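Colleague: Here is the input, now give the coordinates:
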Amino acid sequence: MSEDGSLSELQGVAYGRLARHGDRRGSFMEIWRASVFGELTEAMTGMPDAHFVQANLSSSAQGVLRGLHYHRRQLDYWIVVGGRALVALVDVRPVLADETAHALVELRELGVGETVTIPTGVAHGFLAMEPLQLMYLVTNEYDGSDELGFAWDDPAVGVPWPGLTGTPDGRPILSDRDLSNPTLADLVRSLR
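Modeller: Numbering: from 1, shown residues only. All right, here's what the predicted structure looks like:
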């Protein structure tokens, strides 16, 4: 594991690149090691004494958009294991502190072996630029109680998602959940 030196403007977000070791037989990548990853603080995870408790593998067809999802008690560590993803991160911490503030948006394309660490307070989503496999480790077991989200295309947030050529209408393929997410302003009002 290694950091790739990429900086993020969003506090607590870290990008990395996994070292790949290969020969004629194939390859090996170390996905995660506690001693290299560092301490998981309450500021990052939303919980004291947090540690990774669940690993998931998400497979998405080209043109699928998942997000924007938000957690109050979970840090995510994403690893692209196949394909390419356009990752959108939206720091909603300023908006939660002051409804007149603006969310901070960061967009980055990740390929195989690239990682992103997403702390609590940063909403996230991705667009599969080609068939995609995304593995992610989380610090909270799924029970549905911390699964929040807001509209992927909320104009007040302004994520600059690209148009698509591989879908019939040039729009992303979305789940029913992501189609019905409220605006960020409505989500913040519901959390107060």
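Colleague: use CA for all of it now, contacts and neighbours both
Modeller: Will do.
Colleague: For the most centrally placed residue in the chain, which non-adjacent residue is spatially closest?
Modeller: Closest to where the C-alpha atoms of the chain average out (Cα atoms, centre = their mean) is His124, at 3.9 Å. Distance criterion Cα to Cα, 6 or more residues apart in numbering; nearest residue to His124, sequence neighbours excluded, is Leu89 at 4.6 Å.
Colleague: Was I right to think the one you found contacts Glu109?
Modeller: No. Using Cα atoms under 8 Å, Leu89 makes no contact with Glu109, being 11.3 Å away.
Colleague: coming back round to it: for the residue nearest to His124, give its distance to Gln62.
Modeller: Look at Leu89 and Gln62: by Cα to Cα, to the nearest Å, they are 20 Å apart.
Colleague: Neighbour count: the two, which is higher?
Modeller: Leu89 (24 against 20; other Cα atoms under 10 Å).
Colleague: so who does the more buried one touch?
Modeller: Leu89 sits next to 105-107, 122-125 when contact means Cα atoms under 8 Å, 6 or more residues apart in numbering.
Colleague: Distance of Glu106 relative to Ala123?
Modeller: Where Ala123 is concerned, Glu106 sits at a distance of 10 Å (Cα to Cα).
Colleague: which residues do these two both contact?
Modeller: Both Glu106 and Ala123 are in contact with 89-90, where contact means Cα under 8 Å, 6+ apart.
Colleague: Of the two, which one has the most company?
Modeller: Ala123 (24 against 16).
Colleague: What residues are bridge-paired with that one?
Modeller: Taking DSSP bridges as the rule, Ala123 bridges to Val90.
Colleague: correct me, but it touches Gln74?
Modeller: No. Using Cα under 8 Å as the test, Ala123 is too far from Gln74 to be in contact (10.9 Å).
Colleague: For Glu106, which three-state class applies?
Modeller: Counting by DSSP: H, G, I helix; E, B strand; the rest coil, the backbone at Glu106 sits in strand.
Colleague: where do the helices sit along this structure?
Modeller: Taking DSSP state H, the helices of the chain run over residues 34-37, 42-45, 93-97, 176-179, 184-191.
Colleague: Tabulate those helices (JSON lines), appending mean neighbour count, distance to Ala14 and mean pLDDT.
Modeller: As requested, the helices of the chain are exported to JSON lines (neighbours: other Cα atoms under 10 Å; distance: least, Cα to Cα, whole Å; pLDDT from 0 to 100):
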{"stretch": "helix 34-37", "mean neighbour count": "10", "distance to Ala14": "11", "mean pLDDT": "86"}
{"stretch": "helix 42-45", "mean neighbour count": "20", "distance to Ala14": "11", "mean pLDDT": "94"}
{"stretch": "helix 93-97", "mean neighbour count": "16", "distance to Ala14": "17", "mean pLDDT": "92"}
{"stretch": "helix 176-179", "mean neighbour count": "13", "distance to Ala14": "25", "mean pLDDT": "96"}
{"stretch": "helix 184-191", "mean neighbour count": "14", "distance to Ala14": "24", "mean pLDDT": "93"}
